[in-house]
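J.: Just the structure for this:
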Amino acid sequence: MRSFGGREWRTERFGEPRDGAPLVILLAGEDELSEEFFAKLSAEGAPPANFAVPCDVDWDGDFTPWPADGSNGRRFSGGADEFGHSVAAAINALLEELRPGAVYIVGYSLGGLAAMYFHLTLGLSDGCGSCSGSLWYPGWCEFLAEHPARGAVYLSLGGKEKNTRDPLMAANPETTERTKRLCLASAERVVFRNEPGSHFRDPDGRIARAIAWLAR
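T.: Numbers count the residues shown, from 1 in each chain. Predicted coordinates:
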């Protein structure tokens, strides 16, 4: 474990070490760096990379950009700006230590929302990946319209995610499509991948495909 900005992080390396290997900040849970995940990375043709994953994350706080009400009484506290100090500290320290060729922030679900938010606000990454990202979050598209995306942006969503009973999450296809249109107007590279299944199908594969595309 490593400490960056007062928070604990896990760091790992995928593949043989090499100069200029990208640094991936992965916002998908510290258990994501498993043998199964690395096998998916290999299958997708991802290059060697360095990974940093935050530990003990409060998804509804650390990964949400401002306070908002969810469905069924769920409350998001909007602690991303505070957590962003740790993300920035991790990137800056690992930039000096590893000297990567590029930095990408990639996340899943609320982590996908946070990945885009940190890419836009910290100014320390070359691209981001939002895999089944919670782009339904209240106020997200309005924020993006005022903060144009740059670099590379990877978006994905499961084809059955619209079938959820949660009214906010059911709007995700529409808000993800709007996110894609906004990003196409300003970012250098943008892609959207329509994945099979629901929100919980093959998160390892969805993340691996994002990393392989970003680092190609």
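
J.: so residue 180 sits in a strand?
T.: No - the assignment for residue 180 is helix, going by DSSP: H, G, I helix; E, B strand; the rest coil, so no strand is present there.

J.: Identify each buried residue in stretch 200-208, please.
T.: Residues of stretch 200-208 classed as buried by neighbour count (16 or more other CB atoms under 10 Å): 202-208. The way it works is simple: take the backbone N, C-alpha and C, and place the C-beta from them, glycine included.

J.: of these, closest to residue 8?
T.: For the buried residues of stretch 200-208, the residue nearest residue 8 by CB to CB is residue 207; the value is 20.9 Å.

J.: OK, contacts around that closest one?
T.: Counting by CB atoms under 8 Å, 6 or more residues apart in numbering, residue 207 touches 26, 28, 32, 37, 40, 106, 108, 129, 131.

J.: and these as JSON lines, adding secondary structure?
T.: Shown next, in JSON lines, are the contacts of residue 207 (three-state DSSP):
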{"residue": "26", "secondary structure": "strand"}
{"residue": "28", "secondary structure": "coil"}
{"residue": "32", "secondary structure": "helix"}
{"residue": "37", "secondary structure": "helix"}
{"residue": "40", "secondary structure": "helix"}
{"residue": "106", "secondary structure": "strand"}
{"residue": "108", "secondary structure": "strand"}
{"residue": "129", "secondary structure": "strand"}
{"residue": "131", "secondary structure": "strand"}
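
J.: ok, and the most crowded of the residues you listed?
T.: residue 129 (32 neighbours; other CB atoms under 10 Å).

J.: how close does residue 48 get to residue 72?
T.: Per CB to CB, to the nearest Å, residue 48 is found 43 Å from residue 72.

J.: More neighbours: these two, which one.
T.: Neighbour count, other CB under 10 Å: between residue 48 and residue 72, residue 48 has more, with 15 against 8.

J.: Residue 194: what's it in contact with?
T.: Neighbouring residues of residue 194 by CB under 8 Å, 6+ apart: 156-157, 159.

J.: make it 6 Å
T.: Contacts for residue 194 were tallied using CB atoms under 6 Å, 6 or more residues apart in numbering; they are residue 159.

J.: what pairs with it across the strands?
T.: For residue 194, the beta-bridge partners are residue 157 (DSSP bridges).

J.: Please tell me how far it sits from residue 87.
T.: Distance of residue 194 to residue 87, given as CB to CB: 29 Å.

J.: what ranges of this protein fall below the confidence cut-off?
T.: 197-198 (pLDDT under 70).

J.: still on that earlier bit, quick check, nearest of the contacts of residue 207 to residue 216?
T.: Nearest member of the contacts of residue 207 to residue 216, counting by CB to CB, is residue 129, at 12.3 Å.
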